[in-house]
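J.: Need a 3D model of the following:
(chains A and B)
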Amino acid sequence: MAQVSLNNIRKIYPNGYEAVVPTSFDIADGEFVVLVGPSGCGKSTLLRMVAGLEDISEGALSIGDRNVNHVDPADRDIAMVFQNYALYPHMTVRKNIGYGLKNRKTPASEIEDKVQTAAKMLNLTEYLDRKPSQLSGGQRQRVAMGRAVVRDPALFLFDEPLSNLDAKLRHQMRIEIKALQRRLGVTSIYVTHDQVEAMTMADRIIVLNAGRIEQIGTPAEIYHRPASTFVASFMGAPPMNLLTAKGSGGRVTVGETISVAAEVADGPVTLGIRPEDIEIGPTCDIPFTVDIVEELGAHRLLHGQLGGQELTIHVGKDVVVSAGPIRMSINPDAVVLFDAKSGLAL
Amino acid sequence: MTETTHIPVAKRPVKWGRVMDHSILILGSLFMLVPLLMVLQTTTTTDLETIKNGPEFVIGDRFDDNFMAAMFKASGFSGENTGLRMLINSLILGIGFAIGKIVIGMMAAYALVYFRLRFATLAFWLIFTTLLLPLEVRILPSYEIAQQLGLLNTYTGLIVPLIASATATFFFRQFFRSVPEELVEAARIDGAGPVKFFIDILMPLSQTMIAAMFIIMFVYGWNQYLWPTMVTTEEGMYTLVRGIKQLTQDLEGTNIPEYGRANMLALIAILPPVLVVIIFQSWFVKGLTESDK
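T.: Numbering: from 1, shown residues only, chains lettered A, B, ... in the order given. Alright, predicted model coming up:
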């Protein structure tokens, strides 16, 4: 168990490309932190620097109370789960799980005990003598987990571990990983580009964009109080509606339609509102034209135009709507305002 | 519902394309097999009959005699180069060459692929150019060096100069590059150092590749003619392939040529490469076609 601390960690490649700008954050003991961002945002590079697979160009990294900048990956007391599982194809599940222990000169009987315990925890006992090629994707992922769990490390690192699984299995493994991490209480860093994984699994989310941290916060904070338009549009499916608006005299208005009270300087602002924070009904005050209704079973998404701007509304399954003019209103408390230029929340 | 009905065909039209295909295959097989069968036939008859009647459709009873002569009768002056002796020499050359080549090729490829060496690419291409310089091209300097090192008439002299070429390095390099990067990283985190990774992970993964290389290299080493002829002058060091040549030289004398014995020796010389290919063939195909990961 350990806390992790990154102090101005930077990655700059020999060709001058800066993959991660100086970045600092701390992870508390036992915390599950998810790094999320679009591909190429530097999240994997950051994780690989923590793992020691990538050199740290600048800054200090400590795991526990130890500076590990120049410590070999094997000696950082970490375990990593890879996207492609990275199981040794010629070894049985038992040997795959026990390989790290064997390299650390653990006595054979102790290895066997630990492998059995880990296998039991992950429901792998009956597969111990199989080779990875004889296992399904989910089972392979479990073996990869077993390999991490068995070493009882201070820190788990996950590099998009679920992206090779089909949707159903991904859902199931998501819960299993989360439950396992809870039970073991091991500090974890989890990298994903899937915002649903980030929302559901994290104690805290770190949203990265272009090698820079956009926001650090709990899933609820990230979702409801995004720090920038990037976070607002990246997190949530469908993303937050972002409308070009104007501030004047203590009010923010979107054309002739939305108007909310807000203490902002006069001038252009961006108004953000989540699709589910919009209501529809005959008594509502704003006219809206529905172009397309997306039927999702549990709910419906209405896509349409609001004074020439795209807007999506989320309604429950009982609300029957068809394309055409309707009326809507917004929850003024749910509105988030962003600077029109920088995109940062006001 | 689609039901494919198979109406029993009473008279299928002759597919001339097929007949053509099969004729070509049959002709090809005959082309390969007939000389072999002729060799086999001569090993069963006496030399006198062979010289009188040429190849016949008769199987004689001299197989044993010819076999014993080929294996155990010495020719030449020293009496050392029996068929058995030459067979052993050939095996040492073939196996030694194959193993040496695989070991050196693997290690060179390992260094080139997994270590950040300065000028690694340059080093690789330098090694690669040796493909353009087979032993036949550099035979004079190679002989000179072998001679000065006192390697004439030794197994070392027979094997080592042949090993110096890039084929195995090249194949292993390509293979190692196809091993997923994540596997290397997982092993690093699991605490496997360079040597452990090589032995525990890379070698087992390369099994099929090693088998494929072994076949190619064994057959190549076994079939060497020019180099063994150059470096071995003692009859006890002769390999089969060049030993047969010596027997045919005997045939040019005034005695009755020893057809049976020479052909028997040729047959024996074919056998080990055939066996190696048969035993390793399934691995061979795997090794060259699929990356087992």
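
J.: The helix or strand where residue B:35 lies: which residues count as buried?
T.: Assigned by DSSP states H and E, residue B:35 falls within helix B:16-42. By 16 or more other Cβ atoms under 10 Å in any protein chain shown, the buried positions in helix B:16-42 come out as B:39, B:41, B:42. No exception for glycine: its C-beta is placed from N, CA and C like everyone else's.

J.: repeat for stretch A:334-346
T.: Buried residues in stretch A:334-346, defined by neighbour count with 16+ other Cβ under 10 Å: A:335, A:336, A:337, A:338, A:339, A:340, A:343, A:345, A:346.

J.: how far out from the middle of the chain is it?
T.: 22 Å (Cα atoms, centre = their mean, to the nearest Å).

J.: so how far is the first residue of it from its last?
T.: Start and end residues of stretch A:334-346 are separated by 14 Å (Cα to Cα, to the nearest Å).

J.: any idea of the mean pLDDT for it?
T.: In this model, stretch A:334-346 carries a mean pLDDT of 91.

J.: Which residues outside it are in contact with it?
T.: A:224-230, A:232, A:240, A:242, A:244-245, A:247, A:252, A:260, A:262, A:264, A:267-274, A:277 (Cβ atoms under 8 Å, 6 or more residues apart in numbering or on different chains).

J.: how would you label residue B:71: helix, strand or coil?
T.: helix (DSSP: H, G, I helix; E, B strand; the rest coil).

J.: farthest-separated two in the buried residues of stretch A:334-346?
T.: Farthest pair in the buried residues of stretch A:334-346 (Cβ to Cβ) is A:335 and A:343. Separation: 15.9 Å.

J.: Report the buried residues of the worst-scoring helix or strand of chain A on mean pLDDT.
T.: Counting by mean pLDDT, DSSP states H and E, chain A has its least confident helix or strand at strand A:258-261, which shows a mean of 87. Within strand A:258-261, the residues scored as buried using 16+ other Cβ under 10 Å are A:258, A:259, A:260.

J.: Any chance of the backbone angles for the nearest residue to the last one once chain neighbours are set aside?
T.: Of all residues beyond its chain neighbours, the one nearest residue A:260 is residue A:332 (4.5 Å), with distances taken as Cβ to Cβ, 6 or more residues apart in numbering or on different chains. For residue A:332, the backbone dihedrals (degrees, to the nearest 10) come out as phi -60, psi -20.

J.: who's in contact with the spatially most central residue of chain A?
T.: Residue closest to the mean C-alpha point of chain A, counted by Cα atoms, centre = their mean, is residue A:198 at 2.7 Å. Contacts of residue A:198 were listed using Cβ under 8 Å, 6+ apart, and they are A:34, A:36, A:192, A:205, A:219, A:235.

J.: In a helix, residue A:242, correct?
T.: No. Using three-state DSSP, the assignment for residue A:242 is strand, not a helix.

J.: What count of nearby residues applies to it?
T.: As a burial measure, residue A:242 scores 19 neighbours (other Cβ atoms under 10 Å in any protein chain shown).

J.: Looks like it contacts residue A:234 (just checking).
T.: No. Contact between residue A:242 and residue A:234 fails when scored by Cβ atoms under 8 Å: they sit 11.6 Å apart.

J.: And the average pLDDT for the helix holding residue B:35 is what?
T.: Mean predicted lDDT for helix B:16-42 stands at 92.

J.: could I get the helix or strand following it in PDB with only the CA atoms?
T.: Toward the C-terminal end, the helix or strand that comes next after helix B:16-42 (DSSP H and E) is helix B:47-53. Extracted in PDB, the C-alpha atoms of helix B:47-53 (Å, rounded to 0.1, in the frame of the first residue of the first chain):
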ATOM      1  CA  ASP B  47      28.400 -54.400 -60.300                       C
ATOM      2  CA  LEU B  48      29.000 -56.800 -63.100                       C
ATOM      3  CA  GLU B  49      25.300 -57.000 -63.900                       C
ATOM      4  CA  THR B  50      24.900 -53.300 -63.800                       C
ATOM      5  CA  ILE B  51      27.700 -52.700 -66.200                       C
ATOM      6  CA  LYS B  52      26.500 -55.400 -68.600                       C
ATOM      7  CA  ASN B  53      22.700 -54.600 -68.600                       C
END
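
J.: Please point out which parts of helix B:47-53 sit buried.
T.: Buried residues in helix B:47-53 (16+ other Cβ under 10 Å): B:47, B:49, B:50.

J.: go on, stretch A:224-238?
T.: Those buried within stretch A:224-238 under the rule 16+ other Cβ under 10 Å are A:224, A:226, A:227, A:228, A:229, A:230, A:231, A:232, A:233, A:234, A:235, A:236.

J.: quick one: the helices in the stretch 1-150 of chain A?
T.: A:43-51, A:93-103, A:108-121, A:137-149 (DSSP state H, counting those that start in this stretch).

J.: Let me have those helices in TSV, extended by mean pLDDT and mean neighbour count.
T.: Formatted as TSV, those follow (pLDDT from 0 to 100; neighbours: other Cβ atoms under 10 Å in any protein chain shown):
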stretch	mean pLDDT	mean neighbour count
helix A:43-51	93	23
helix A:93-103	93	23
helix A:108-121	93	16
helix A:137-149	91	24
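
J.: Which one of those lies nearest to residue B:108?
T.: helix A:93-103 (25.5 Å).

J.: ok so, going back, and the least confident helix or strand of chain A, which strands flank it?
T.: Paired neighbours of strand A:258-261 in the sheet (DSSP bridges): strand A:251-254 (antiparallel).

J.: Quickly name whichever of the buried residues of helix B:47-53 is closest to residue A:141.
T.: Nearest member of the buried residues of helix B:47-53 to residue A:141, counting by Cβ to Cβ, is residue B:50, at 69.9 Å.

J.: Got the confidence number for the closest one?
T.: pLDDT, read off for residue B:50, is 79.

J.: who's in contact with the residue nearest to it when sequence neighbours are not counted?
T.: Spatial nearest neighbour of residue B:50, chain neighbours left out: residue B:259 (4.5 Å); criterion: Cβ to Cβ, 6+ apart. By Cβ under 8 Å, 6+ apart, the contact set of residue B:259 is B:42, B:47, B:50, B:51, B:251.

J.: roughly how far apart are the second one and residue B:59?
T.: Shown here: residue B:47 relative to residue B:59, a distance of 16 Å by Cβ to Cβ, to the nearest Å.

J.: and the next element down the chain from the least confident helix or strand of chain A?
T.: strand A:267-273.

J.: hmm, back to that, and the residue nearest to the centre of chain A, that's in a helix?
T.: Yes. Assessed by three-state DSSP, residue A:198 belongs to a helix.

J.: where does the stretch 1-150 of chain B dip in pLDDT?
T.: Across the stretch 1-150 of chain B, the ranges flagged by pLDDT under 70 are B:1-10, B:76-78.

J.: quick one, phi psi at residue A:330?
T.: phi -110, psi 160.

J.: Test my guess that it contacts residue A:275.
T.: No. Using Cβ under 8 Å, residue A:330 is not in contact with residue A:275; the gap is 10.5 Å.

J.: what about those two, which has more around it?
T.: A side-by-side neighbour count of residue A:330 and residue A:275, using other Cβ under 10 Å, places residue A:330 first with 24 against 20.
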